[in-house]
Each structure stands twice: as C-alpha cells, then as structure tokens.
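Undergrad: need a structure here:
(one chain, ligands or ions: 1)
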Amino acid sequence: MDLLFATGNPKKSEELKALLSLHDYNVLDLNDLHIDTEIEESGKTLHENANIKATFLCDYTQKTALAEDSGLEVDALFGEPGVYSARYAGIPKNDSLNTQKLLQNLQNIENRAAQFRTVIALVSQKGTFSFEGIIRGKIIDTPRGINGFGYDPVFVPDGYDQTFAELSSDIKNKISHRANAVQKLITFLTINKHLL
Ligand code: ITT
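TA: Numbers count the residues shown, from 1 in each chain. Take a look at the predicted model:
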C-alpha cells in the first residue's frame, strides 16, 4: 500500500522506505510525486512542522499524507538545535556546517548527553494523528563515519561505541528515533487501515 510522505530529504526518505517496506508499505516522497515546492517550516515545534508538511501534501493530493520532522536535542544546550536542526548554521541547509557549529557550541562542555527526536504526522480527512520516537546518546568531539546524514557522525547512541555514521544502516534502522516512531505508526495503521 502506498504512503505519501512529504519529505524532500533523500537520506531521510531512504530510511523511511527501508523501515516501511518491511511492512509492505511503499513510501512515495516529494521527488517520487514530482512535487518541487519548498514547504515553509514555520512551526516552533517538531509537531507543528510535521503537521504543516503533512497538511500541505494532503491538501495537494486530496489523499491521506504523512510527514516527519526531526531534530537533535542537546541537554547542555537546553534542547538546541531542536526544531532548527536542519538550519542550525543557516540557509542553505548544510550538514557539515551544522555539525561544526554544534561542536563549537559544545567546546569545553563536559555534559555531552543528547537525543534525536522524530515526530511523524498523519493527516487525513478524518483527522490528524502523531507518533513520536526518541533515542538517547552522546555527542563526541570529532566526527567519525560516512553512513547516514545530518549529525550522525557525532552521535553515539547509548549502549554502543560507534557513531550512527559508523554503524550499519541495518542497526540504525533497528534502534533510531525514526525507527521508534515508525513502529508506532505501523501499529496504528494495522488497526486503522481505513484511514489510508
Ligand atoms: P524534510 O523537511 O524535507 O523532511 P529536512 O532535512 O528539512 O527534510 P527536518 O526539517 O526534519 O528535515 O530536519 C531534520 C534535521 O535534523 C536534519 O536535516 C538533520 O540535521 C537532523 N536529523 C534528523 N534525523 C537525523 C538522523 O537520523 N541522523 C542525523 N541527523 C538527523
């Protein structure tokens, strides 16, 4: 069954496709749908932005649509960069500049605890539903690894020694914030198939 997902981030989309194909869902992202509109993420929370993106796609297609907004929340920075994770070092979005800025802001700070959080929004004619996933970990001083995207080279999930960019995509897709949120979405869709 097709799931329309309002994301233009190819790496995020790759993860969503891998996670949802295991349950026979076929993710169609903005590229697959040939929609090149840049959706303005004007919300102040991950929930608001996920709703904005899913509502745009639901209005555009007149079909049930999903979106996810995610971010890195660093304890010592009081939850920053959070909802601004993608644009932390400014526009245009740049993963390595964002990571550099993060490491600068954490210089000489001992508490490296952080978490990734994902909020998935499902918007249909019958209402809006959301699903959240979190993974805790810590931020290291020097980026390591080439897998994944965003802040993966500096994030070591709790219980592991390698960064998300060193771990295989199979392991990331078992434990990540996105995997946790997708699991809740799948459970919900199993009971609420009529929403699709
Ligand atoms: P869409 O809005 O088109 O989906 P985006 O990249 O703008 O794509 P977000 O607004 O949700 O996505 O921003 C998420 C940012 O948070 C992303 O660009 C990364 O910097 C960071 N991020 C989220 N999930 C991540 C992950 O699994 N690994 C590393 N960084 C991640």
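
Undergrad: Counting neighbours, what do you get for the closest residue to Y25 other than its chain neighbours?
TA: Nearest in space to Y25, with sequence neighbours left out and distances taken as Cβ to Cβ, 6 or more residues apart in numbering, is L3 at 4.9 Å. C-beta: built from backbone N, CA, C; applies to glycine. L3 has 20 neighbours, counted by other Cβ atoms under 10 Å.

Undergrad: Secondary structure element holding L3?
TA: strand 2-5 (DSSP states H and E).

Undergrad: Establish whether that strand and the ligand are in contact.
TA: No. Figure legend: strand 2-5 not in contact with the ligand (Cβ under 6 Å from any ligand atom); closest approach 8.1 Å.

Undergrad: Same question for stretch 57-72.
TA: Yes. Contact of stretch 57-72 with the ligand (Cβ under 6 Å from any ligand atom) involves D69, S70, G71, L72.

Undergrad: For the residues you listed, which single residue is the most surrounded?
TA: Neighbour max across these (other Cβ under 10 Å) = L72, 28 neighbours.

Undergrad: and that one, what element?
TA: strand 65-74.

Undergrad: mind saving the C-alpha coords of that strand as PDB?
TA: The C-alpha coordinates for strand 65-74 follow below in PDB (Å, rounded to 0.1, in the frame of the first residue of the first chain):
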ATOM      1  CA  ALA A  65      -0.500  12.100   3.800                       C
ATOM      2  CA  LEU A  66       2.400  11.800   6.200                       C
ATOM      3  CA  ALA A  67       5.400  13.900   7.100                       C
ATOM      4  CA  GLU A  68       8.000  13.800   9.800                       C
ATOM      5  CA  ASP A  69      10.100  16.400  11.500                       C
ATOM      6  CA  SER A  70      13.100  15.500  13.400                       C
ATOM      7  CA  GLY A  71      15.900  17.100  15.300                       C
ATOM      8  CA  LEU A  72      18.800  16.700  17.700                       C
ATOM      9  CA  GLU A  73      18.200  17.900  21.300                       C
ATOM     10  CA  VAL A  74      21.300  18.500  23.300                       C
END
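
Undergrad: With adjacent residues omitted, what lies nearest to L33?
TA: In space, L33 is closest to L4, 6.8 Å off (Cβ to Cβ, 6+ apart).

Undergrad: Run a quick neighbour tally on the one you found.
TA: 23.

Undergrad: wait, what's in contact with the residue of the chain found nearest the ligand?
TA: Closest residue of the chain to the ligand, Cβ to the nearest ligand atom: G150 (2.3 Å). Taking Cβ atoms under 8 Å, 6 or more residues apart in numbering as the criterion, G150 is in contact with K11, L72, S85, A86, D95, N98.

Undergrad: Many thanks, we can stop here.
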